[in-house]
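Chemist: One predicted model, sequence on top.
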Amino acid sequence: MPRSLVDSSVLDAIAGAQAAARERRTKTVVVGGAPREIPVPFPSPGDWRDCPIYFLILDRFNNPSASPRGTWNRRFNFRQGGTFEGVRAQLGYLEELGIKAIWLSPVLKNSRPDTWEYNYHGYGAQDFLNVDERFASDGTLATAERELTALVDEAHARGIHVILDIVLNHAARVFDYVTASGTTAVIADAGVMNGPLGSEPSVRWLNGLGFSRGDWQNALPTPGALHADDAVWPAELQHHLFFRRRGAKLTDTPGPGGFVRGDFGDMRQLVVEYDATVPGEEAIRARLGAAPVLNLLIRAHAYLVARYDFDGFRIDTVKYVAPEAVETFGNAIREYALSAGKKNFFTFGEVYDNEETIARFIGRNGGSGEGFGVDAALDFPLFHALPRIAKGQGDVADLRRVFSLRKAQESALLSSHGEAGRYFVSFLDNHDQHERFKHPLTPAIQVMLGYTLLFTLQGIPCLYYGSEQGLEGTVDGAGNAELKSNESTREALWGKPGAFSTNSSMFVAIRRLATLRQDEPTFSFGRLYFREVSGNGTDFGHSTGKGGIVAFSRILCDREVVVVANTGTVQFTGSVIIDADLSAGAATMAIVYSNAAATGTRPVRRGTMTFYRDGPVSSGPAAAVDVRLDASEVQILRRPTAP
């Protein structure tokens, strides 16, 4: 078990992955009884837009050896018992679904006491080098390491990449604060938060049983005198000055420096931007460099890539970390991955905010502008619009506004309009929401309308675990939907009868969308144009309001695919503008997908049409395809044969 960043096991793993890439090593993995040979390290995908992602919470996905510890669909704030082997056992299921990447919730060792509430999700690391033995089939570290390696290897052998969820912002509750009234896990006080440097309260580090030690105030004994469950690891991180020590954050709005300061609940914020170049820091700088905390995090995560062959990182709570540090981390990990043969290692961040704030952390817009930084972000602006629109509860014009603002914010990054999708991982729900997209009262046709738009708009689509089995969130004791917190969207999937059925209606429908996206590169790489619609075939304008029409074209080279969705409650009969040049000579467009089982072709018309936009009315020659959609129906249309 590595205890330090200079342990031989850490240094050998980092160098070994680089050597394996240079020597073009391979390994044999047995899948379904048949051997498959894979490169080591496993190469990156050519473009992540080709890789629909499946996000799962390890503790809540599957355990083939034991039932969930609590009722699978009741809110349960403790560990349910999911394992690495549980994920590996369902890789064939995910492959059949059409998934090309799985995003694993954090695997690093968390605080030891499993009696603590909310100590199951993995976002409170106590050890940044070692995986959590609770995910092993026998509860030991050696088995956890072996089974995680087997999971990643088999995923690769099936053509599935593996993204690891990591946290740079904070560690677990590894110390308590010392106050006049005693020790406390949380301080939420403006005076503590905003006091001058040097006014931080003292801290007492926690031992492996979760108790603060009075003799561990600020300073810790030498690492050799500590147990692996005590305080925080690796040893280089055992310095109270490397933690903010200001109590809980008081706001979610970035402050001076462009990030949010303060503990994330009772999890302890790291000073990732720690500067050891100032007077008095010479000893720390000599041992750990000018940016000691950031250097430690970079080395630890390079080790994880080397040791387990991960293909990407999702970075939690990014806007709580200094943008320059995020940029440096992204660049450093990218360079290490390149040296180890991964030419497109993917990093995307959780920036739970608007487009402008996201842009501060992503790509060349982020940090100092010296490097590229983190590749992409979770698409919260789209999330705030798309689910409501799909259910007829939001103004369809909001969807156009999201992508219009995006082009403006990302203008410095784009070499073509089609590239905007590279920088966002899009989703309809996840573990941080109070309810799943499929609410118990949401009709299946509306659910599939939402997923169709998710898979056909620009972005890298991400499916939340269990969505393909129709999970609706937890219920209370009376069987009523319980939508009170994000704990309500974290069911123990394997407890559901038929949890991994490949014949369920939702699984079959989502698999069809994933196949369509794989077969139609236009959805991954094409430009995006929102289209005007008409009810009379002559007068065209963009639809607005709740229950309106979502209409857009995806265009790649000389191919146009049209997506039209009726978010209203009555049938829509009308026309949608299409590209006149690309449709030249076409008399019809074929319906290649409908969530209401519509089939056949629709006529293409040409002539003089009038457009009503924000400004003067204009008229001119144009082309349109006639459509008829039932309530909540979405159709995908393209020319019957490629031009």
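Modeler: Arrived safely.
Chemist: ok, Pro113 - how many residues close by?
Modeler: 14 (other CB atoms under 10 Å). Quick note: C-beta positions are derived from backbone N, CA and C, even for glycine.
Chemist: what's the nearest residue to it once chain neighbours are set aside in contact with, if anything?
Modeler: The shortest distance from Pro113 to any non-neighbouring residue, by CB to CB, 6 or more residues apart in numbering, is to Gly210 (4.1 Å). Shown in contact with Gly210 (CB atoms under 8 Å, 6 or more residues apart in numbering): Ser111, Arg112, Pro113, Trp116.
Chemist: ok, now Ser137?
Modeler: Ser137 sits in contact with Ser65, Thr83, Phe84, Glu85, Thr143, Glu147, where contact means CB under 8 Å, 6+ apart.
Chemist: Quick check: helices, which of the residues you listed are part of them?
Modeler: Counted as lying in helices by DSSP state H, out of these, are Phe84, Glu85, Thr143, Glu147.
Chemist: export those residues to a markdown table and tack on distance to Leu405?
Modeler: Shown next, in a markdown table, are the ones in helices among the contacts of Ser137 (distance: CB to CB, whole Å):
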| residue | distance to Leu405 |
| --- | --- |
| Phe84 | 40 |
| Glu85 | 44 |
| Thr143 | 49 |
| Glu147 | 44 |
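Chemist: Now flag whichever of those is closest to Ser543.
Modeler: Ser543 has its nearest neighbour among the ones in helices among the contacts of Ser137 in Phe84, at 47.2 Å by CB to CB.
Chemist: returning to that earlier point: looking at the contacts of Gly210, spot the one nearest Asp230.
Modeler: For these, the nearest to Asp230 is Arg112 (9.0 Å; CB to CB).
Chemist: follow-up on the earlier one: need the ones in helices among the contacts of Ser137 in CSV with pLDDT, neighbour count and distance to Trp216, can you?
Modeler: Putting the ones in helices among the contacts of Ser137 into CSV (pLDDT from 0 to 100; neighbours: other CB atoms under 10 Å; distance: CB to CB, whole Å) gives the following:
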residue, pLDDT, neighbour count, distance to Trp216
Phe84, 98, 27, 33
Glu85, 98, 21, 37
Thr143, 98, 17, 31
Glu147, 98, 21, 34
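Chemist: just to revisit the earlier point, mind pulling the model confidence for the residue nearest to Pro113?
Modeler: pLDDT recorded at Gly210 is 92.
Chemist: Would you mind giving the secondary structure of it?
Modeler: Here Gly210 is recorded as coil under DSSP: H, G, I helix; E, B strand; the rest coil.
Chemist: What of the one 5 residues further on?
Modeler: The local conformation at Asp215, judged by three-state DSSP, is strand.
Chemist: Got phi/psi on the residue nearest to Pro113?
Modeler: phi 90, psi 20 (degrees, to the nearest 10).
Chemist: Who are the contact partners of Arg314?
Modeler: Trp103, Ile163, Leu164, Asp165, Ile166, Thr347, Phe348, Gly349, Glu350, Leu378, Val425.
Chemist: re earlier: using a markdown table, please lay out the contacts of Ser137 together with distance to Ile298.
Modeler: A markdown table is the format used below for the contacts of Ser137 (distance: CB to CB, whole Å):
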| residue | distance to Ile298 |
| --- | --- |
| Ser65 | 36 |
| Thr83 | 29 |
| Phe84 | 25 |
| Glu85 | 30 |
| Thr143 | 28 |
| Glu147 | 26 |
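Chemist: Stretch 563-575: which residues count as buried?
Modeler: For stretch 563-575, burial by neighbour count (16 or more other CB atoms under 10 Å) applies to Val563, Val564, Ala565, Asn566, Thr567, Gly568, Phe572, Gly574, Ser575.
Chemist: So for that stretch, mean pLDDT?
Modeler: On average, stretch 563-575 scores 98.
Chemist: And for stretch 336-345?
Modeler: So the average pLDDT for stretch 336-345 ends up being 96.
Chemist: Ends of that stretch, what's the gap?
Modeler: By CA to CA, to the nearest Å, the extent of stretch 336-345 from end to end equals 9 Å.
Chemist: and what of stretch 241-255?
Modeler: Stretch 241-255: ends 21 Å apart by CA to CA.
Chemist: Then stretch 58-74?
Modeler: 17 Å.
Chemist: Just confirm Val592 is within a helix.
Modeler: No: counting by three-state DSSP, Val592 is not found in a helix; it is strand.
Chemist: OK, contacts around Val563?
Modeler: Contacts for Val563 (CB under 8 Å, 6+ apart) come out as Thr452, Leu453, Thr456, Val550, Ala551, Phe552, Ser553, Arg554, Val634, Gln635, Ile636, Leu637.
Chemist: Tell me which entries of these lie within strands.
Modeler: Mapping the contacts of Val563 onto strands (DSSP state E) picks out Val550, Ala551, Phe552, Ser553, Arg554, Val634, Gln635, Ile636, Leu637.
Chemist: could you dump those to JSON lines with neighbour count, distance to Asp138 and pLDDT?
Modeler: Output for the ones in strands among the contacts of Val563, formatted as JSON lines (neighbours: other CB atoms under 10 Å; distance: CB to CB, whole Å; pLDDT from 0 to 100):
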{"residue": "Val550", "neighbour count": "25", "distance to Asp138": "51", "pLDDT": "98"}
{"residue": "Ala551", "neighbour count": "25", "distance to Asp138": "55", "pLDDT": "98"}
{"residue": "Phe552", "neighbour count": "22", "distance to Asp138": "51", "pLDDT": "98"}
{"residue": "Ser553", "neighbour count": "23", "distance to Asp138": "54", "pLDDT": "98"}
{"residue": "Arg554", "neighbour count": "26", "distance to Asp138": "49", "pLDDT": "97"}
{"residue": "Val634", "neighbour count": "26", "distance to Asp138": "47", "pLDDT": "98"}
{"residue": "Gln635", "neighbour count": "26", "distance to Asp138": "51", "pLDDT": "98"}
{"residue": "Ile636", "neighbour count": "24", "distance to Asp138": "48", "pLDDT": "98"}
{"residue": "Leu637", "neighbour count": "25", "distance to Asp138": "54", "pLDDT": "98"}
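Chemist: quick one: which of the residues you listed is nearest Thr222?
Modeler: Distance to Thr222 across the ones in strands among the contacts of Val563 (CB to CB) is lowest for Arg554, with 60.3 Å.
Chemist: which residues does that closest one bridge with?
Modeler: Beta-bridge partners for Arg554, by DSSP bridges, are Leu528, Val561.
Chemist: Could you list which residues are in contact with it?
Modeler: Arg554 neighbours (CB under 8 Å, 6+ apart): Thr456, Thr522, Phe523, Gly526, Arg527, Leu528, Glu560, Val561, Val563.
Chemist: How much space separates it from Leu449?
Modeler: 17 Å (CB to CB, to the nearest Å).
Chemist: I'd like the contacts of Arg554 laid out as TSV, including distance to His431.
Modeler: Supplementary listing: those in TSV, determined by distance: CB to CB, whole Å:
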residue	distance to His431
Thr456	24
Thr522	31
Phe523	26
Gly526	30
Arg527	32
Leu528	28
Glu560	37
Val561	32
Val563	28
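Chemist: Closest one of these to Ser501?
Modeler: Nearest member of these to Ser501, counting by CB to CB, is Thr456, at 25.5 Å.
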